[in-house]
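Got a predicted structure plus its sequence, pasted below:
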Amino acid sequence: RRRRRRQPPTRAPAMPPKADDDPSEPGSCTPGSTPNKWVALVASCYMCVTSGGLMYGWPSLLLMLQADNEYKELCHGQPAPCDAQDAWYHWVWTVSSAVCLASSLATGLLLDALGPRVCATVCAAGVLVGCLCIGFSNSQATDLLLPGMILISAFGPGVQNACVHVSNLFERRSTASSCIIGAFNLSYAVFLLLEVAHRCLGASRRGLFLGYSALVLASMLLAFLVMPSKPFGSRSPDALRQPLTGSPASEGGGPPGRALRHQLSSSPQAAAATLAVGRTRRETLITIALSEAPLHHQVVSSPFLCLLIWTTISIFWLNFYIGTVASRLGHGGSVQIVGEELREEFIELFNLLSPAGVLFLPVIGHVFDRVSFALGLFLTNLFGALFAGLLLFPSRVTLVAAWLCYTLYRNCAFAAIFATLTHYLGFANLGVLVGLTLLVSGAASLCQPLVILLITLDLHGSYQVINYCQFGSMLVLFFFPLWSFVRERRMKHVDSAASITIAVTSDS
């Protein structure tokens, strides 16, 4: 007898390690390669601090401009600050905040089309030019304040959106993204530090912004060297289409679609599939993870629509308060809370407390990741309701307490936006989804001058009626954590994940 030669067992090809498993992947020094995840996180935090949310330090920049007697010609002989000067400053802030939100769609398209490296580099360059414009602006000669504010407002958030992709390297994505968002919120204090140097050291605004531009230039170079050319952990289009393709086994023996159903049910991107064969075309009804769904399906999904409503209302009141905090503290308001003599000190206190909420971001990130997503949204809404409620009782003590709740609410709100998008919708269309969300919020922010006009003409400078409207809006926003809680319970009950059923047709 011939002995059959024993064939050696075939080994499956080794799978490449995931980014979470290998903390130190090679190629951290060449542009576009995947760096060590901790190096990428630290670099992202630096870029967000130096180039991210500079515009939100507007109250400190306002004090610097008033000290330099900018736009005093608008007062026509009246002592500054005057109503005309305040109206122009508020218009600059309104346009800047609207551009900040509306431009997120353009930077999101840039991010999804060309990758985080190009997006972060271009956006940092825009912030660099904006800082130079603000530093060299002179209202009586070369008025560059509005173009400079528009540039840092339009391109600053684009740096943050590109850096958020680094969180995909970590298992606890919400915690990592919260650290990046916290660094973004720390940039609120940049103008505060420049204003203190301008007031205490006598440094010129031009010299301060020229020196700070060197830090922004370093951020731009760091973005080019560290950020990847493609998002971390992104899948190729062929891999995304693979679960939708047919199988030769389904055309031969066996029930139609058995192999296809087996392939889809065994992949992490699909939960089930049903095959219906027509005369000339084959139609596949496939239930896939919502994070792998096409963009138009994600836009009309309930997580995105709920987030869109929640974000629009939240950002409107957050930005409205920053733009009116100076008039609320004395000049231009009938309710004198602190008086004209302490107005500047309280504005600086507000600017100092604004970045303090970043200390709570690791906690809220842990809640999103490990405890309950609905609980994280509830805590965020609770801070917003406390902030609006404390404003209904004007005093110096309640004002400081309201500011503490404001900074917690603002930091947690932006963390909740990115956590919701990445939790339910993934990273594939993150740039466009963030852009669409903030674009709608920016369009709503253009209504702020109408509210200011209402306060000035009909309410005689009083913000109390507006505070009641704000408090009512914050109570309405509790629908979002309630919706998330019901969704989590339903998913646990059916032992499933967020998914959507789509139809795919192909020639038979």
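Received the coordinates, thanks. Numbering: from 1, shown residues only.

Run a quick neighbour tally on the nearest residue to residue 199 once chain neighbours are set aside.
The shortest distance from residue 199 to any non-neighbouring residue, by CB to CB, 6 or more residues apart in numbering, is to residue 67 (6.7 Å). Heads up, the C-betas are built off the backbone N, CA and C, glycines and all. If you count neighbours by other CB atoms under 10 Å, residue 67 ends up with 13.

mind checking how far residue 67 is from residue 348?
Residue 67 sits 12 Å away from residue 348, going by CB to CB, to the nearest Å.

Find the residues that touch each one of the two.
Counting by CB atoms under 8 Å, 6 or more residues apart in numbering, residue 67 and residue 348 have no shared contacts at all.

and residue 288, that's in a strand?
Yes. Remark: residue 288 belongs to a strand, assigned using DSSP: H, G, I helix; E, B strand; the rest coil.

Okay, and the beta partners of it?
For residue 288, the residues forming beta bridges with it (DSSP bridges) are residue 270, residue 500.

Residue 82: how many residues sit nearby?
17.

hey, where'd the helices end up in the stretch 201-350 of the chain?
Taking DSSP state H, counting those that start in this stretch to define them, one finds helices in the stretch 201-350 of the chain at 205-226, 237-241, 258-266, 295-299, 302-328, 343-353.

Looking at these, spot the one closest to residue 83.
Of all the helices of the stretch 201-350 of the chain, it is helix 302-328 that lies closest to residue 83, at 9.7 Å by CB to CB.

Could you give the average pLDDT over the closest one?
Average pLDDT, helix 302-328: 87.

now that helix and helix 343-353, what's the angle there?
150 degrees (axes from the mean of the first three to the mean of the last three CA atoms, to 10 degrees).

Mind listing what's buried along helix 302-328?
Neighbour-count burial for helix 302-328 flags 303-304, 306-308, 310-328 (criterion: 16 or more other CB atoms under 10 Å).

Residue 220 against residue 124, yeah?
Yes. With contact defined as CB atoms under 8 Å, residue 220 counts as touching residue 124 (3.8 Å).

quick one: common contacting residues for the two?
residue 51.

From the neighbour counts alone, determine which of these two ranks first.
residue 124 (27 against 22).

where's that one, which helix or strand?
Assigned by DSSP states H and E, residue 124 belongs to helix 116-135.

Next SSE downstream of that helix?
helix 145-163.

packing partners for that following helix?
helix 37-51, helix 83-102, helix 104-114, helix 116-135, helix 173-186, helix 205-226, helix 430-445 (3 or more CB pairs under 8 Å, 6 or more residues apart in numbering; DSSP states H and E).

Now with 7 Å, please.
helix 37-51, helix 83-102, helix 104-114, helix 116-135, helix 173-186 (3 or more CB pairs under 7 Å, 6 or more residues apart in numbering; DSSP states H and E).

among these, which is nearest residue 215?
Of those, nearest to residue 215 by CB to CB is helix 37-51, at 4.9 Å.

Just name whatever secondary elements that closest one is in contact with.
Short answer (3+ CB pairs under 7 Å, 6+ apart): helix 37-51 packs on helix 116-135, helix 145-163, helix 173-186, helix 205-226.

after it comes which helix or strand?
Next along the chain from helix 37-51, counting by DSSP H and E, comes helix 58-67.

what does that next one contact?
Helix 58-67 is contacted from outside by 80-81, 89, 93, 191-192, 194-195, 198-199, 205, 322, 325-326, 344, 347, 350-351, using CB atoms under 7 Å, 6 or more residues apart in numbering.

ok, now stretch 160-170?
19-20, 37, 40-41, 44, 47-48, 52, 104, 107-108, 111, 116, 119-120, 173, 176-177, 180, 184, 227, 231-233, 418, 427, 431, 434.

isn't residue 175 right up against residue 363?
No. Between residue 175 and residue 363 there is no contact under CB atoms under 7 Å: 9.6 Å.

more crowded one of the two?
residue 175 (22 against 15).

Now do the contacts for the more buried one.
362, 365, 366, 369 are the contacts of residue 175 under CB under 7 Å, 6+ apart.

okay, and for the stretch 101-250 of the chain, where does confidence drop off?
231-250 (pLDDT under 70).

ok so, going back, and residue 57, which of the helices and strands packed on helix 145-163 is closest to it?
Closest among the helices and strands packed on helix 145-163, once you apply CB to CB, is helix 173-186, at 10.4 Å.

so how far is that closest one from its chain's centroid?
10 Å (CA atoms, centre = their mean, to the nearest Å).

just how off-centre is stretch 182-190 within its chain?
13 Å.

same check, this time on stretch 69-81
37 Å.

Tell me which residues of that stretch come out buried.
For stretch 69-81, by 16+ other CB under 10 Å, it's 70, 71, 72, 74, 75, 81.

What of stretch 479-488?
Neighbour-count burial for stretch 479-488 [16+ other CB under 10 Å]: 480, 481, 483, 484, 485, 487.

closest to residue 213 among those residues?
For those, the nearest to residue 213 is residue 480 (39.7 Å; CB to CB).

Hmm, residue 311 and the closest one touching each other?
No. Using CB under 7 Å, residue 480 makes no contact with residue 311, being 9.5 Å away.

Check what contacts stretch 192-205 and list those residues.
By CB under 7 Å, 6+ apart, stretch 192-205 touches 57, 60, 63, 64, 67, 68, 135, 208, 212, 348, 351, 352.
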